[in-house]
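> Please find the sequence and the predicted model below.
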Amino acid sequence: MAKIIAVYSMKGGVGKSTAAVNLAWCSAGASARRTLLWDIDAQGAASFLFGRDTSSGKAKRIFAREVAPASMVEPTAWPRLDLLAADLSLRQLAEDLAEADKPKRLRKLLQTLGQDYDRIILDCPPGLGELSDQFFRAADLIVAPVPPTPLAMRALDQVRDHLASHHGGKPPLLPVFSMVDKRKTLHRETVAAHPDWIAIPQASVIEQMAVKRAPLATFAPNSPAAKRFGELWTDVERQLGKL
């Protein structure tokens, strides 16, 4: 059965989708694991980065039980790496899943998909509510990208408090600094205060992912950013091994 890694942040615009795409590639490429990236963010950024059209309007059908999840899975250009793409039909997903009979809908869908994969990476939409609670109930590990700023650190603390209050402190939370600009004193000081966190730099090569529509390791494997994502995946596997 697959291990579920939710790439999640309460805030948007923190580098969540780029992290999900690169971690998925590391899982399939570096670890040679059968991997599914499930893009559940209506913006479809992860799907776009994998070269997929995000205008189909079909993604919601999985949650409405109109189609089997496996029937919507597409192979990517890379071995062992598949994609469940997002589109704007997911924009009301939180309200749809808030109905009383659907608190575990996502976990049940993942149990079905998990029979065919070793790792499933979820690119989760931002926010904190019923939808995020479904991610927390389903995931084995949360990877939380955090820009090194006071507001982003505050949002991370709020997520920690929510997990402690409503989910018994589970699943484990693995924070990672994202969009780090070492030219900024605040960034340097915040990163230095957490030396055990991986720090992903703010780099033009990461922006090139949207041009290449591919993971970093496929076109810039020796870049510092690609190496940091590789280190992050090592941390993910280490955390999963402790479970």
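Great, that's in hand. Residues are numbered from 1 along each chain as shown.

> So what touches the helix or strand of the chain at the bottom of the mean pLDDT ranking?
The weakest-scoring helix or strand in the chain, judged by mean pLDDT, DSSP states H and E, is helix 93-97 (a mean of 79). Here helix 93-97 makes contact (Cβ atoms under 8 Å, 6 or more residues apart in numbering) with 40, 42, 60, 63-64, 102-103, 105-106, 125, 127, 129-131, 134. Yep, even glycine has a C-beta here, placed from its N, CA and C like the rest.

> tell me which strands and helices the biggest strand by length in the chain is in contact with?
The strand that spans the most residues within the chain, counting by DSSP state E, is strand 173-180. If you count contacts as 3 or more Cβ pairs under 8 Å, 6 or more residues apart in numbering; DSSP states H and E, strand 173-180 packs onto helix 16-25, strand 141-146, helix 150-166, helix 185-192, strand 199-201, helix 224-242.

> okay, the ones you listed, which one's buried deepest?
helix 16-25 (a mean of 27; mean count of other Cβ atoms under 10 Å).

> which residues of the protein score low on pLDDT?
Along the chain, segments meeting pLDDT under 70 span 55, 99-103.

> List the strands paired with the longest strand of the chain, with their directions.
When sheet partners are counted by DSSP bridges, strand 173-180 sits next to strand 141-146 (parallel), strand 199-201 (parallel).

> How far off centre is the shortest one?
With Cα atoms, centre = their mean, to the nearest Å as the basis, strand 199-201 stands 16 Å off its chain's centre.

> same check, this time on the first one
Average the C-alpha atoms of strand 141-146, do the same for its chain, and the two points are 8 Å apart (Cα atoms, centre = their mean).
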